[in-house]
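Asks: Sharing a model prediction with you, sequence too.
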Amino acid sequence: MAYIKSRGLSIEFPLNDVSNRSLKREAFSLVTGGKVGSSPRHKVTIKALDNISFDLKPGDRLGLLGHNGSGKSTLLKALAGVYAPTSGSLESRGQITSLLDITLGMDMDATGFENIILRGLMLGHTPQKMKELTPEIAEFSELGEYLRLPARIYSSGMLVRLGFAISTAVPSDIVLMDEWLAVGDADFQKKANDKLKEMTERAAILVIASHMPSIIENICNRTICLEKGIIVSDSFFE
Ligand SMILES: Nc1ncnc2c1ncn2[C@@H]1O[C@H](COP(=O)(O)OP(=O)(O)OP(=O)(O)O)[C@@H](O)[C@H]1O
């Protein structure tokens, strides 16, 4: 059964090029969302997440709220395995699909077809699985003969279409999203939106950060609001 368990999770970023005595530190403390502090070695650090604890189980649809810099993306990236906890723990079970950066791992010199395999490997799938999925991904992307050409010649919209088609090809237990994805031109967006809806509805657990109240109201049954890396409210609703 899929789950996420966070216990006292804290994530700190060391700012190696900012000294403790520097005037720059004051500037940082004014503008950043995370808490500015210092490490034992007198280096400036930003505490992006501070003592975060929560549990998620199948059926949970968590909306992450908070001002810019409050720690939403850092929490999503920690859930995706991009950042390790500085202290505390974060555990999960289940296949995770991270839609945080859907073109991550693509090689611009490789063709679209090659990138289907490469990006699939990044997502934790086998080459065999990706080969089986290739016709479906190719059809969804609508890139046709472009898939035989290097990705560097794609427009940014074409690249995102391919990344989206690959990332959503395999159903998963846990879906992570930073804002509801809007991909491609108007026609493609409708198709992508339907696919995203199907994927998030089928997932056991969804975690989405959003500044859009309508997204949170329509799809979430719980919200956690962050402020300077701390949970300031945790609400459950139908
Ligand atoms: N790689 C990094 N190095 C240093 N500081 C970072 C890094 N990533 C995030 N931060 C800091 O961590 C804090 C939280 O940032 P995060 O991106 O998680 O906020 P957010 O809530 O997602 O903001 P937004 O709504 O603007 O996307 C901020 O103070 C930010 O400056």
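Replies: That came through fine. Numbers count the residues shown, from 1 in each chain.
Asks: can I get the CA coordinates of the helix ranked longest in the chain in PDB?
Replies: In the chain, taking DSSP state H as the definition, the longest helix is helix 186-202. Provided in PDB are the C-alpha atoms of helix 186-202 (Å, rounded to 0.1, in the frame of the first residue of the first chain):
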ATOM      1  CA  ALA A 186      -4.600  24.800 -27.200                       C
ATOM      2  CA  ASP A 187      -5.400  21.500 -28.900                       C
ATOM      3  CA  PHE A 188      -2.700  19.600 -27.100                       C
ATOM      4  CA  GLN A 189      -3.500  21.200 -23.800                       C
ATOM      5  CA  LYS A 190      -7.000  19.800 -23.800                       C
ATOM      6  CA  LYS A 191      -5.600  16.300 -24.500                       C
ATOM      7  CA  ALA A 192      -2.900  16.700 -21.800                       C
ATOM      8  CA  ASN A 193      -5.400  18.000 -19.300                       C
ATOM      9  CA  ASP A 194      -7.500  14.900 -19.700                       C
ATOM     10  CA  LYS A 195      -4.500  12.600 -19.400                       C
ATOM     11  CA  LEU A 196      -3.300  14.500 -16.300                       C
ATOM     12  CA  LYS A 197      -6.800  14.200 -14.700                       C
ATOM     13  CA  GLU A 198      -6.900  10.400 -15.500                       C
ATOM     14  CA  MET A 199      -3.400  10.000 -14.000                       C
ATOM     15  CA  THR A 200      -4.100  11.900 -10.800                       C
ATOM     16  CA  GLU A 201      -7.400  10.200 -10.300                       C
ATOM     17  CA  ARG A 202      -5.900   6.800 -10.600                       C
END
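Asks: Show me what counts as buried in it.
Replies: Within helix 186-202, the residues that qualify as buried by neighbour count (16 or more other Cβ atoms under 10 Å) are 188, 191-192, 195-196, 199-200. Any C-beta I mention is one placed from the backbone N, CA and C, and that applies to glycine too.
Asks: Contacts only, for residue 211.
Replies: Going by Cβ atoms under 8 Å, 6 or more residues apart in numbering, residue 211 touches residue 179.
Asks: Export the buried residues of helix 186-202 to JSON lines and append columns for pLDDT and distance to residue 80.
Replies: JSON lines is the format used below for the buried residues of helix 186-202 (pLDDT from 0 to 100; distance: Cβ to Cβ, whole Å):
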{"residue": "188", "pLDDT": "91", "distance to residue 80": "25"}
{"residue": "191", "pLDDT": "94", "distance to residue 80": "25"}
{"residue": "192", "pLDDT": "95", "distance to residue 80": "20"}
{"residue": "195", "pLDDT": "95", "distance to residue 80": "20"}
{"residue": "196", "pLDDT": "94", "distance to residue 80": "17"}
{"residue": "199", "pLDDT": "94", "distance to residue 80": "16"}
{"residue": "200", "pLDDT": "93", "distance to residue 80": "16"}
